[in-house]
Structures are given as structure tokens and as C-alpha cells.
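Novice: after the sequence you'll find the predicted model.
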Amino acid sequence: MATNDQVKQLAKAYLDANDDAFRTGLLQIGAAEAKKGHASAAREMKELADRIKGRPRGKILNLGLVDGLFQVSHPNTRLDELIVSDAVKDKLRRIVDEYRNRGKLAAYGYANRRRILLEGAPGTGKTMTASVIASELGMTLYIVQMDKLITKYMGETSVKLRQIFDAIQHNVGVYLFDEFDAIGADRGLDNEVGEMRRILNSFLQFIEADSSESIVIAATNNKQMLDRALFRRFDDVLHYSLPTAEEAGMIAESVIGGYDTKFFASDKLSERLARLCQAEIVGVCRDAIKDALLSGGPVTNEGVLALCDERLGIYGPSDTEKLAG
């Protein structure tokens, strides 16, 4: 066990961003463990110290000064609040578990999954997934502002992309490139201009060279538009679909249950809600709660059905199948 002085030394080194002092503290703890005959603990300290020694040195970037390229948040959304398929949840658990145990994987020469591609219809939970990963790992979420990234001036977007990857390297967090097809479109498409091809080439180079401990997430509504070279740069691809009737009912009960614990979604309501994407179901349920608050009555299946049909009417009377959002 580390002494109080050793713990204080590590804390001070961390606050001062002094890698050398932090590494020295780890080696001292390792040496003390070795003297006690704790070979395994000593070896782990040595491996951690070696990882710090080999880490690229650099300044801590002030993200607030990087041209407003990020929307920064500290989510508290848990995995059990995300209603997606079991396959997607299993992959998310694996991503979180690998990150938490990245040291153990690194000791055997393996890297944890940290470059993730999310694809699916709008409103199916992709952005919320980034919040969940950040929350589960206690990390800050940085959403790249695409309108600030892409400019009309030749070469400027690539410069900003470099700034983003500098931040990814030196400020550990979860970084989300939403609407990723804006920069990841297939270079073979006839309508792709030369500048956008150069931007994609820059992104491929940056993500290939990225050795940070940050998690990089790209989200797209149209996987078919993405350049094929992108897929091998990502460690995992998660596919998001519109909810089943059962999932739609669960979303309704989860949202409305916070206001009315007795609410239960009928089969009829669940099937009707399943024509909407997850984000629209949440919106309909919140509208139902507002109506109940103003009227002083309970939230009813009939009331939610009426609001659901009102939403479906936006897409036209001919839409009888699930909507893409």
C-alpha cells in the first residue's frame, strides 16, 4: 500500500501536470511493493510508469479558445436509460468495460475500443449514446460543431481539424463528430469537390495517428455515403434502428412514469408510437405530460395516441409504415 506521503506526491504531480514527478512516484511505490515481495503489484507500477514515459508530451489546450469548435457538457445519463436493441447495449457495455480495463489489455499488447462509428436513422439514440459513454466513464463530452469546423476558405477546415485532434490528444474525453457524412462522404462521388476530399484525407491521417486515451465517436444518418476507407479506422460500428412496439412502450412508460407512476402503455399505443423514432416518442410523451399539467388530469393512452397521430400527420396520411425520422 502507498504511504500518505506517496499519495500526496502523486496528487501534486497530477495537479501540476508533471509527468516526470508522477512517474517517479509510481516507481517509488513499485520499489516498496517489490521489497514486500509483492512482485505482481511492483510489475504493474513499472508498466504504468513506462506508459507515462512513452506518452507524447504537450500543453493542455484551453478548449474555450479553440474558435468555439466544441459544445462541452458533463452528462449524467446512464446506460439503463438508453432504450436500444440488446445487440447495441451489449456493444456499449463492451466499449465501457474495455476502457475501464485498458491498462490490463495494454499489458498484453491489446488496445481497447475507442474509435466508434454510429449509424442509423435520425432520432434513434446516437447522440444520447455518446452522452451515456461519457457518463458511464465519468468523462467530459465534447461535441464537434460542424458549422464551425467547415468553412469556405481553402485549407482552413484542415487546420481546425488538426486543432480538434490536438484537443483529443491532450484533453481526455469523449469526442462526438455528429452528422459525420459532412466530412466523411465517399471520395468517389461525382459531386464531391476537391477541398472536401482533402478534408477527408486529413481526417483519415489524424485518426490513424491518434494515440490518445480519448474516445472518438462519429455518427451518421447515411452509412452508404461514407467513404469505405473510413470503416477500417473504427474499432466498432453500431447500427441503430427504429424502435419495436415493445421498445416504444418502454420509452413512453419511462418518460411519463417520471410524472405519473401509474401510467401503462397499451399494445395499441405502443404499436402506434413505433411508427416514430425514439426522439419523437419522447417529444410526444412530454407534450402529453404538459397537457396533463395544464388540465389537472392524468396522462391517458388516448391522450398520447392523439398527440402521436398529430405527429404522424406531419408526414402525410399515406405513411402507414415506420418513419425514418
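Specialist: That came in fine, so what should we check first? Keep in mind that what you see is a predicted model, and the values were worked out from it rather than measured.

Novice: tell me which stretches of the chain form strands.
Specialist: Ranges of strands in the chain, per DSSP state E, are 70-73, 115-120, 141-144, 174-177, 215-220, 236-240.

Novice: pairing partners for the fourth one, with directions?
Specialist: So the one you mean is strand 174-177. Here strand 174-177 is paired, per DSSP bridges, with strand 141-144 (parallel), strand 215-220 (parallel).

Novice: what does the last one contact?
Specialist: It stands for strand 215-220. Applying Cβ atoms under 8 Å, 6 or more residues apart in numbering, the contact partners of strand 215-220 are 95, 99, 114-119, 126-127, 129-130, 133, 137, 139, 168, 173-181, 184, 207, 210, 226, 230, 234. Yep, even glycine has a C-beta here, placed from its N, CA and C like the rest.

Novice: relative to strand 115-120, how tilted is it?
Specialist: Per axes from the mean of the first three to the mean of the last three Cα atoms, to 10 degrees, the angle that strand 215-220 makes with strand 115-120 is 20 degrees.

Novice: relative to the whole chain's centre, how far out is strand 215-220?
Specialist: 6 Å (Cα atoms, centre = their mean, to the nearest Å).

Novice: shaky segments in this structure?
Specialist: Low-confidence segments of the chain, defined by pLDDT under 70: 1-2, 12-20, 51-67, 151-154, 182-196, 225, 316-325.

Novice: and for the spatially most central residue of it, nearest residue in space, chain neighbours not counted?
Specialist: Nearest residue to the geometric centre of the chain (Cα atoms, centre = their mean): residue 130, 2.1 Å. Ranked by Cβ to Cβ, 6 or more residues apart in numbering and with sequence neighbours excluded, the top spatial neighbour of residue 130 is residue 176, at 4.3 Å.

Novice: can I assume the one you found is in contact with residue 145?
Specialist: No - with contact defined as Cβ atoms under 8 Å, residue 176 does not count as touching residue 145 (10.5 Å).

Novice: looking at those two, which is more packed in?
Specialist: Ranked by neighbour count (other Cβ atoms under 10 Å), residue 176 and residue 145 place residue 176 first, with 26 against 15.

Novice: distance of the more buried one from residue 85?
Specialist: Residue 176 is 20 Å from residue 85, where distance means Cβ to Cβ, to the nearest Å.

Novice: now swap in residue 91 and tell me
Specialist: Residue 91 is 10 Å from residue 85, by Cβ to Cβ.

Novice: returning to that earlier point: so for residue 250, which of the strands of the chain sits nearest?
Specialist: strand 236-240 (15.8 Å; Cβ to Cβ).

Novice: circling back to that earlier point, among the contacts of strand 215-220, which lie within helices?
Specialist: Assigned to helices by DSSP state H, the following of the contacts of strand 215-220 qualify: 95, 99, 126, 127, 129, 130, 133, 168, 181, 184, 207, 230.

Novice: quick one on the thing from earlier: dump the strands paired with strand 174-177 to CSV, plus mean neighbour count and distance to residue 306.
Specialist: Converted to CSV, the strands paired with strand 174-177 look like this (neighbours: other Cβ atoms under 10 Å; distance: least, Cβ to Cβ, whole Å):
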stretch, mean neighbour count, distance to residue 306
strand 141-144, 23, 34
strand 215-220, 26, 32
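
Novice: make a markdown table from the ones you listed and add distance to residue 281 to it.
Specialist: Listed next are the strands paired with strand 174-177 as a markdown table, based on distance: least, Cβ to Cβ, whole Å:
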| stretch | distance to residue 281 |
| --- | --- |
| strand 141-144 | 23 |
| strand 215-220 | 19 |
